[in-house]
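Enquirer: build the 3D model from these lines:
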Amino acid sequence: MPSRPDDVRQSLGLPDFVDPVDVGEASLAASQTWGDERPATARGLSTGDPAAGVARPFGSAGHESRFAGDDSGDNASARPGRAGRRRQGRGGSSSGFGQSSFGTSSFGASSSGVGARSGAKRKAKKQLTWAEKAERREKRAAARREAEAAEREKDPIGYAREIVLTQLTAMPRSRSQLADKLREKEVSEGVIDVVLDRMEDVGLVDDEAYAAMLVRSKLASRGLARRALRQELKRKGIDDDVATVALEQVDDDVEREQALVLARKKMVTMSRLDEPTQTRRLAALLARKGYSGELVWSVIRQVQEEAS
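Expert: Alright, predicted model coming up:
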């Protein structure tokens, strides 16, 4: 019994406005026009080759039997259902994409190759423990010390001179600081005296100029009093006589003005505190800077009066 157009349309999943007979005739005409001149891939796709994974298009033998009304068992078993044809069509399209130049197989292979190479590089780099890293640092330090010892034995004065010039390039230093650095490098005392005397003769080492510069710098940046400045100069290796001369530029008026600057700046941050707390914190600040007790209480009274 021939199939009705409505049954064929439902079995093929066609819209209502498409005539199954017209579709079958167009597919049959296209298959007769192409013949066997098509490439093998095209023949496989159009004939429903299982290797290509594409559903059989219209115009093939299976669909011709449908339009002819053949309901035999072989054709019925060969025809997939509506849901099966949809799954087969989706699978065929994905297989065709996989066979193209943009296929997932080749792209995945290249990506996996890059990942394998990067993983091999990570494995090739050995992870060192803390003990191994410390051992490497010690070996590098030992090699550096050996090179310095060889250079020191070859030309001790030139070796010491290079150390002094390197230190002075970074920042000004006193003679005592430079001598300590040379002793760290295991330079003999005789070579130290020769090199530093030569540096003083040419004006590269001048403790008086260094002390005056240090006093001006610490007074402006940290607001230190004369007592704290003297301790700073002593720590840098400046003699007491040189320090006394350098501190002459800080008289009582300069010291009081600097203490007022510090106290006023601190009062801005303590406007909501009570007076005893303000007094305690101001006294601690000025004492740390090296100011005397008499000057501290005088400055505190003045700034509190100004704030009130």
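Enquirer: what helix or strand is residue 295 located in?
Expert: Taking DSSP states H and E as the definition, residue 295 sits inside helix 293-307.
Enquirer: could you give me the buried positions within that helix?
Expert: By neighbour count on 16 or more other C-beta atoms under 10 Å, the buried set for helix 293-307 is 295-296, 299-300, 303. C-beta coordinates here come from the backbone N, C-alpha and C atoms, glycine included.
Enquirer: after the longest helix along the chain comes which helix or strand?
Expert: The helix spanning the most residues in the chain, taking DSSP state H as the definition, is helix 130-154. Once the chain leaves helix 130-154, the next helix or strand it forms, by DSSP H and E, is helix 156-170.
Enquirer: can you name every helix or strand that that next one contacts?
Expert: Contacts defined by 3 or more C-beta pairs under 8 Å, 6 or more residues apart in numbering; DSSP states H and E place helix 156-170 against helix 130-154, helix 175-184, helix 189-201.
Enquirer: compute the inter-axis angle for the shortest one and helix 189-201.
Expert: What that stands for is helix 175-184. Computed with axes from the mean of the first three to the mean of the last three C-alpha atoms, to 10 degrees, the direction of helix 175-184 lies at 150 degrees from that of helix 189-201.
Enquirer: ok, residues contacting helix 175-184?
Expert: Defining contact as C-beta atoms under 8 Å, 6 or more residues apart in numbering, one finds that helix 175-184 is touched by 160, 163-164, 167-168, 173, 191-192, 195-196, 199-200, 205, 207, 236-238.
Enquirer: one more pass at 6 Å, please.
Expert: Contacting residues not belonging to helix 175-184 are listed as 160, 164, 167, 192, 196, 205, 207, 237 [C-beta atoms under 6 Å, 6 or more residues apart in numbering].
Enquirer: was I right about the first one contacting residue 189?
Expert: It refers to residue 160. No. Counting by C-beta atoms under 6 Å, residue 160 does not reach residue 189; the two are 11.0 Å apart.
Enquirer: of those two, which one has the most company?
Expert: Neighbours were counted for residue 160 and for residue 189 using other C-beta atoms under 10 Å; residue 160 has more, 24 against 10.
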